[in-house]
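A.B. asks: Provide a 3D model corresponding to the input given below.
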Amino acid sequence: MKRVYVVIPSYEPDDRLLTLCDNLKKEKIKDVIIVNDGSSKKYSYIFKEIENKYKFKILKHKVNMGKGRALKTSFEYLMEEDIVGCVTADSDGQHSIKDIKKCMDALKNNPNSLILGCRDFTLDNIPPKSKFGNNLTRRVLRIFNGLKISDTQTGLRGIPKSFMEYLLDVDGDRFEFETNMLIESKNKYPIVEVPIDTIYDSKENHSTHFNPIVDSYKIYRCIFGNFFRYLLSAVSSFAIDIVLFHLFCLVFKPVTSLFYITIATVLARIVSSIYNYTLNHKFVFKSKEKQTVTAVKYLILLVTQMFVSSFTVTVLSKLLVNISETIIKTFVDGILFIINYIIQKKFIFKK
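C.D. replies: You can find the predicted model right below:
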């Protein structure tokens with residue numbers, strides 16, 4: 001049977017790493033890689049004991065390069081091995097040997113899936129900052145990336161070998177790499193969640209190397225990266241649309257007082273939508289679908305949005321006679337903007 005390696009990235013660990021290694025040895029798990037991510041010399045005794053006593057493979061960075069880079073180093077090493085994949089675990093005692101084995105078994109049973117060992121964040125022993133961080137990231141990932149994951153921060157993951165190879169070219173050298181891993185799994189590797197014990201102790205805050213400002217910024221930059229491109233495309237398209245709408249209103253209002261808003265909306269939207277579709281297909285979502293397929297879907301969305309926008313602006317302009325049609329349209333299309341992103345992400349440019 002093909003093997004599953006256990007990979008443990010570690011930077012300046014304490015004795016909990018030795019306890020984990022001892023438990024792995026007791027369970028006769030021999031395929032283990034420890035990545036020493038540039039720990040200072042005073043931690044050398046830990047890695048020497050692991051190498052001498054437990055005979056586990058030690059990979060070493062001369063300087064601290066981050067958890068993401070440590071994982072990639074282990075992936076590179078394992079490319080020549082005949083394995084199903086690997087299970088990554090943290091070195092701070094948060095992952096029990098029982099749960100590591102559960103994820104190993106899950107990966108063997110689902111060799112083409114990304115396995116996530118997921119904690120229960122409804123329990124009372126979860127630190128408030130961890131509960132808040134996971135809940136926020138979980139909701140944002142679901143809205144902006146279409147991923148429904150209960151534990152976005154888990155370090156206990158089963159990764160197929162083919163996905164490991166793919167991840168070598170994925171951006172991120174620190175904690176943001178794990179977020180990118182989730183994003184990159186979409187439409188490639190189904191996610192299988194495995195319930196695990198929720199372990200926190202008094203040493204957690206002391207031993208963590210997560211920078212709440214720098215690493216949080218990098219993580220959310222990964223999540224919102226696609227949305228920012230969409231925002232750039234939408235803002236430039238919106239500017240074209242509003243300018244043309246205003247000009248067409250000036251032209252057609254003297255001609256027809258009843259339908260000038262509809263005419264202006266349609267003409268402005270045709271021009272801006274051709275521009276917007278091209279950017280979204282090539283730049284924002286980088287779709288691999290055929291343009292004929294995405295164009296049809298986009299056209300349906302476009303027609304629907306034009307109708308909703310035109311109808312809503314017309315009704316509101318009759319009710320709010322003292323407010324410019326352009327201001328009303330700006331407000332209405334701002335709401336439709338978020339709705340359109342979700343629809344395009346999930347249904348139009350999903351590949």
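
A.B. asks: For the protein, name the helix or strand with the lowest mean pLDDT.
C.D. replies: helix 204-207 (a mean of 46; mean pLDDT, DSSP states H and E).

A.B. asks: isn't residue 179 right up against residue 170?
C.D. replies: No. Using Cβ atoms under 8 Å, residue 179 is not in contact with residue 170, being 10.4 Å away. Every C-beta, even on glycine, is put in place using the N, C-alpha and C of the backbone.

A.B. asks: Between the two, which is the more surrounded one?
C.D. replies: residue 179 (23 against 15; other Cβ atoms under 10 Å).

A.B. asks: What distance do you get for that one to residue 237?
C.D. replies: Distance of residue 179 to residue 237, given as Cβ to Cβ, to the nearest Å: 28 Å.

A.B. asks: Is residue 146 in contact with residue 343, as I believe?
C.D. replies: No. Applying Cβ under 8 Å as the test, residue 146 and residue 343 come out as separate, 10.9 Å apart.

A.B. asks: neighbour-wise, which of those two wins?
C.D. replies: Shown here are residue 146 and residue 343; by other Cβ under 10 Å, residue 343 has more neighbours (18 against 15).

A.B. asks: Verify the stated contact: residue 12 with residue 36.
C.D. replies: No. Assessed by Cβ under 8 Å, residue 12 is found out of contact with residue 36, at 9.3 Å.

A.B. asks: Please identify which of the two sits among more neighbours.
C.D. replies: More crowded of residue 12 and residue 36, by other Cβ under 10 Å: residue 36, with 24 against 16.

A.B. asks: Am I right that the more buried one is in a strand?
C.D. replies: Yes. According to DSSP: H, G, I helix; E, B strand; the rest coil, residue 36 belongs to a strand.

A.B. asks: can you pull the contacts of it?
C.D. replies: Going by Cβ atoms under 8 Å, 6 or more residues apart in numbering, residue 36 touches 10-11, 43, 47, 58-61.

A.B. asks: swap in residue 106?
C.D. replies: 115, 158, 192, 194.

A.B. asks: Which member of the residues you listed is positioned nearest residue 303?
C.D. replies: Residue 303 lies nearest to residue 192 out of these, by Cβ to Cβ, at 39.0 Å.

A.B. asks: Reduced to three states, what does the closest one come out as?
C.D. replies: Reduced to three states with three-state DSSP, the structure at residue 192 is strand.

A.B. asks: That one and residue 332, how far apart?
C.D. replies: Using Cβ to Cβ, we find residue 192 at a distance of 42 Å from residue 332.

A.B. asks: for residue 107, same thing?
C.D. replies: Noted for residue 107: a distance of 48 Å to residue 332, by Cβ to Cβ.

A.B. asks: swap in residue 252?
C.D. replies: Relative to residue 332, and taking Cβ to Cβ, residue 252 is found at 19 Å.

A.B. asks: right, and residue 279 touches residue 237 too?
C.D. replies: Yes. The criterion here is Cβ under 8 Å, and residue 279 meets it with residue 237 at 7.3 Å.

A.B. asks: between those two, which one's more packed in?
C.D. replies: Each of residue 279 and residue 237 has its neighbours counted (other Cβ under 10 Å); residue 237 has more, 22 against 17.

A.B. asks: what are the phi and psi angles of the more buried one?
C.D. replies: Residue 237 adopts backbone torsions of phi -70, psi -40, taken as degrees, to the nearest 10.

A.B. asks: Flag the shaky bits of the stretch 101-250 of the chain, pLDDT-wise.
C.D. replies: 125, 200-225 (pLDDT under 70).

A.B. asks: And the helices in it, which stretches?
C.D. replies: Remark: helices assigned in the stretch 101-250 of the chain by DSSP state H, counting those that start in this stretch are 128-145, 161-167, 176-185, 204-207, 214-252.

A.B. asks: Point out the most buried one among those helices.
C.D. replies: Most buried of the helices of the stretch 101-250 of the chain, by mean neighbour count (mean count of other Cβ atoms under 10 Å): helix 176-185, with a mean of 21.

A.B. asks: can you give me the angle it makes with helix 128-145?
C.D. replies: Interaxial angle of helix 176-185 relative to helix 128-145 (axes from the mean of the first three to the mean of the last three Cα atoms, to 10 degrees): 30 degrees.

A.B. asks: Tell me which other helices or strands the helix or strand containing residue 73 touches.
C.D. replies: In this structure, residue 73 sits in helix 67-78 according to DSSP states H and E. Counting contacts by 3 or more Cβ pairs under 8 Å, 6 or more residues apart in numbering; DSSP states H and E, helix 67-78 is packed against strand 3-10, strand 32-37, strand 57-61, strand 83-88, helix 161-167, helix 176-185.

A.B. asks: wait, residue 342 sits on residue 226?
C.D. replies: No. The criterion here is Cβ under 8 Å, and residue 342 misses it with residue 226 at 11.8 Å.

A.B. asks: Okay, the residue nearest to residue 131 when sequence neighbours are not counted and residue 137: tell me how far apart.
C.D. replies: Leaving aside its sequence neighbours, residue 131 sits nearest to residue 121 (Cβ to Cβ, 6 or more residues apart in numbering; 5.3 Å). Residue 121 sits 11 Å away from residue 137, going by Cβ to Cβ.
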